[in-house]
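**Q** Provided below are the primary sequence and the corresponding predicted coordinates.
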Amino acid sequence: MDLSTGHIDFAAFESFLFADGGGYPPSYRDFIRRYGWARTFGLWLIYPPVFPGYADGRGRAEVLTERFRDCYRDGRAEEFEWMIEPDGDWARVEALHVFGWSENGDALLWDTSARRADGEFPVWESRGLNSLHLLGQTLSDALSAIRDTRFGSESRADIEPLPPVRL
């Protein structure tokens, strides 16, 4: 059993459906199948569906989604327009779902209201829950954008499969 995938609930992974009737985006599916539970660029944790009793699965992502939305609801009430800059808008916030989180407190989010014909969702980043940046049309695009803007285009993708953690 591979330590980075042994705790992933692949039945839930294959059967999950978003409100639009579609499953997880192909680039996310590819990432999870290839790397399982992993840290990317030494910072980013991408959350897969996990069996009960294991930490940091999609349940954690849903908790972080609510935290993200609460933060942005408060920001909107306070008229903190800078929170949606440079690429977002207030209407989009409710359609964004966390699927990755950095150890710096940044979020990777899918815009589940904008599924493309190929099944992909646009990927957004909220840095410190204080901005909205469109990173790309797939997880692969987003990871390339993060690598290129933060580590230089000469850098290779650094993905470290992690062992599962029991609660």
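**A** Cool, got the structure.
**Q** out of everything not next to it in sequence, what's closest to N130?
**A** M83 (5.6 Å; Cβ to Cβ, 6 or more residues apart in numbering). C-beta here means a position set from N, CA and C on the backbone, and glycine is covered the same way.
**Q** same question but for T138, I mixed them up
**A** Closest to T138 by Cβ to Cβ, 6+ apart is S27, at 4.0 Å.
**Q** Kindly report the same for I146.
**A** Nearest to I146 is F41, by Cβ to Cβ, 6+ apart, at 6.4 Å.
**Q** Can you report how many residues neighbour the one you found?
**A** 16 (other Cβ atoms under 10 Å).
**Q** my guess is it meets A145, correct?
**A** No - in this structure, F41 is not within contact of A145 by Cβ atoms under 8 Å, at 11.5 Å.
**Q** re the thing from before, now the residue nearest to N130, what's its secondary structure?
**A** Under the three-state scheme (DSSP: H, G, I helix; E, B strand; the rest coil), M83 adopts helix.
**Q** The one 5 residues further on too?
**A** In the three-state summary, G88 is assigned as coil, counting by three-state DSSP.
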